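1. Give me coordinates for this.
(chains A and B)
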Amino acid sequence: AQSVTQLGSHVSVSEGALVLLRCNYSSSVPPYLFWYVQYPNQGLQLLLKYTTGATLVKGINGFEAEFKKSETSFHLTKPSAHMSDAAEYFCAVSPMNTGFQKLVFGTGTRLLVSP
Amino acid sequence: EPEVTQTPSHQVTQMGQEVILRCVPISNHLYFYWYRQILGQKVEFLVSFYNNEISEKSEIFDDQFSVERPDGSNFTLKIRSTKLEDSAMYFCASSESGGNTGELFFGEGSRLTVL
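-> Numbering: from 1, shown residues only, chains lettered A, B, ... in the order given. Here you go, the predicted model:
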């Protein structure tokens, strides 16, 4: 069975500061890992994904995440926060042997960006 | 940019009533999904649908739930006799391909409130 833990339901940063959103996963088989973002009144949008290959994955809007198997982590980072990054961020896992269909999500982290 | 659209955005219903949530997936997509998020909890997989039949469903998706693709554009989720615990945000998603290559595109969600 797969599960995802996102530490911190809310993270507050100042504009220009580093963004770090934490995600740890549990999976009995090699996982595919995802970060989705949800802006107010919008659907979930894929930020980035790890499938195989390079463990540092770059996504849209300057975000990146690193798959660390030894730590079972897939933390999301951005060097400099913008006001427009304020949103809810969801980490998700899917077992490699079933593909993308059946995503298991974390509870989400709301990112607040102050001027 | 193509998007998944959902209606209604918010529906309030009495316990025991039937509810139909509608989704228009992206036009060239072949795989369709419903997920839900109870307030404060994780986004959960409900069901996936391909080639006019359910390909996978979760334990949440019991006999009270059904899905249908009544025409070439709509994908619906029906709850036959709603319960208080069905109150949630329901997300529709679609993907061009399934398995290990299909990126999910989500709609904005339909909020269901059962009184």
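2. most centrally placed residue in the chain?
-> In the absence of a named chain, this looks at chain A. A:Trp35 (3.3 Å; Cα atoms, centre = their mean).
3. hm, I was asking about chain B
-> Compute the mean C-alpha point of chain B, and by Cα atoms, centre = their mean the closest residue is B:Trp34, 3.1 Å away.
4. Which residues are in contact with that one?
-> B:Trp34 is in contact with B:Leu21, B:Cys23, B:Leu46, B:Val47, B:Val67, B:Leu77, B:Tyr90, B:Phe91, B:Cys92, B:Ala93, counting by Cβ atoms under 8 Å, 6 or more residues apart in numbering or on different chains. Every C-beta, even on glycine, is put in place using the N, C-alpha and C of the backbone.
5. ok so, going back, now do the same contact list for the residue nearest to the centre of chain A.
-> Taking Cβ under 8 Å, 6+ apart, one finds A:21, A:23, A:46-49, A:59, A:63, A:65, A:74, A:76, A:89-92 in contact with A:Trp35.
6. Contact residues of chain A facing chain B?
-> Residues of chain A lying close to chain B (Cβ under 8 Å from any Cβ of the partner chain) are A:4, A:32, A:36, A:41-46, A:49, A:51, A:90, A:92, A:96, A:98-108.
7. can you map out the strands along chain B?
-> Secondary structure of chain B (DSSP state E): strands located at B:5-7, B:10-13, B:19-24, B:31-37, B:43-50, B:53-57, B:65-68, B:75-79, B:88-95, B:105-106, B:110-114.
8. circling back: the closest residue to the residue nearest to the centre of chain A other than its chain neighbours and A:Tyr39, how far apart?
-> Closest residue in space to A:Trp35, ignoring its immediate chain neighbours: A:Leu47 at 4.3 Å, by Cβ to Cβ, 6 or more residues apart in numbering or on different chains. Distance of A:Leu47 to A:Tyr39, computed by Cβ to Cβ, to the nearest Å: 11 Å.
9. and the residue nearest to the centre of chain B, what are its bridge partners?
-> With DSSP bridges applied, B:Trp34 shows beta-bridge pairing to B:Val47, B:Cys92.
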